[in-house]
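S.K.: The sequence isn't on hand, but the structure is:
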């Protein structure tokens with residue numbers, strides 16, 4: 001419902017934070033897909049379920065959607081919207097073995113599909129190369145964002161109020177996720 005509720009515009013350019021978020025999630029998906037496939041091969045179904053759950057709930061719902069969503073009342077750029085839709089479809093494919101009726105219902109509600117386009121007969125996601133450094137860099141960025149939010153909460157600073165942020169990068173962390181930190185912090 002959230003993804004379908006976004007207004008999409010061809011006149012809006014893709015924000016850097018959204019581009020980084022898409023790249024990060026695709027890398028995270030590929031890493032998790034390898035883990036899921038390994039668990040299936042070893043008949044560790046509960047581990048495959050847990051990896052799927054963490055990817056969809058913790059990474060997709062809790063982080064990714066927040067990174068890409070447009071500002072309130074603003075449209076989303078087309079390229080980000082198409083990437084979000086593609087990523088959601090890939091997530092539904094790996095969810096399908098565990099929640100077939102729900103995932104099929106969501107799959108069918110996303111757009112008009114024929115019987116030959118049902119999720120149950122869709123191809124399993126293909127493994128591809130990914131940038132592992134993006135996953136590591138995001139773990140640092142997520143800690144920074146969580147720290148900023150904790151301070152805001154402790155000091156009763158509204159999340160709507162913009163604050164000035166100065167970063168001391170003693171660990172020489174990559175600056176890839178700076179636009180994401182700026183947006184979510």
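M.R.: Structure's in. What do you need? A quick note: this is a predicted structure, and the numbers were derived from the prediction, not measured.
S.K.: Which parts of the protein are strands?
M.R.: With DSSP state E as the criterion, the chain has strands at 8-9, 76-77.
S.K.: tell me, what residue is most central in this protein?
M.R.: Against the mean C-alpha coordinate of the chain, by CA atoms, centre = their mean, the closest residue is residue 64 at 2.9 Å.
S.K.: That one: what's it in contact with?
M.R.: Residues in contact with residue 64 (CB atoms under 8 Å, 6 or more residues apart in numbering) are 21, 24, 25, 87. All C-beta atoms are positioned from the backbone trio N, CA, C, and that covers glycine.
S.K.: you'd agree residue 127 is up against residue 32?
M.R.: No: look at residue 127 against residue 32 with CB atoms under 8 Å: they stay out of range, at 10.9 Å.
S.K.: These two: which is more packed in?
M.R.: Neighbours per residue, other CB atoms under 10 Å: of residue 127 and residue 32, the larger number sits with residue 32, 19 against 10.
S.K.: List the buried residues for the lowest-mean-pLDDT helix or strand in the chain?
M.R.: Lowest mean confidence among the helices and strands of the chain (mean pLDDT, DSSP states H and E): helix 2-5, at a mean of 88. For helix 2-5, a neighbour-count test (16 or more other CB atoms under 10 Å) marks residue 3 as buried.
S.K.: Repeat that for stretch 9-29.
M.R.: Quick answer for stretch 9-29 (16+ other CB under 10 Å): 12, 14-15, 17-29.
S.K.: Which ones among the residues you listed map onto helices?
M.R.: 17-29 (DSSP state H).
S.K.: which stretches of this protein form helices?
M.R.: Secondary structure of the chain (DSSP H): helices at 2-5, 16-41, 45-53, 65-68, 78-95, 100-110, 132-154, 178-184.
S.K.: Quick one: residues contacting the residue of the chain positioned farthest from its centre.
M.R.: Outermost residue of the chain with respect to the C-alpha centroid, by CA atoms, centre = their mean, is residue 155; its distance is 29.1 Å. With contacts taken as CB under 8 Å, 6+ apart, residue 155 has no neighbouring residues.
S.K.: What values do phi and psi take at it?
M.R.: The phi and psi values for residue 155, taken as degrees, to the nearest 10, are phi -100, psi 10.
S.K.: Give the other helices and strands that the least confident helix or strand of the chain contacts.
M.R.: With contacts defined as 3 or more CB pairs under 8 Å, 6 or more residues apart in numbering; DSSP states H and E, the packing partners of helix 2-5 are helix 78-95, helix 100-110.
S.K.: Now these in TSV, please, with extra columns for mean pLDDT and distance to residue 121.
M.R.: Below are those laid out as TSV (pLDDT from 0 to 100; distance: least, CB to CB, whole Å):
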stretch	mean pLDDT	distance to residue 121
helix 78-95	97	11
helix 100-110	95	11
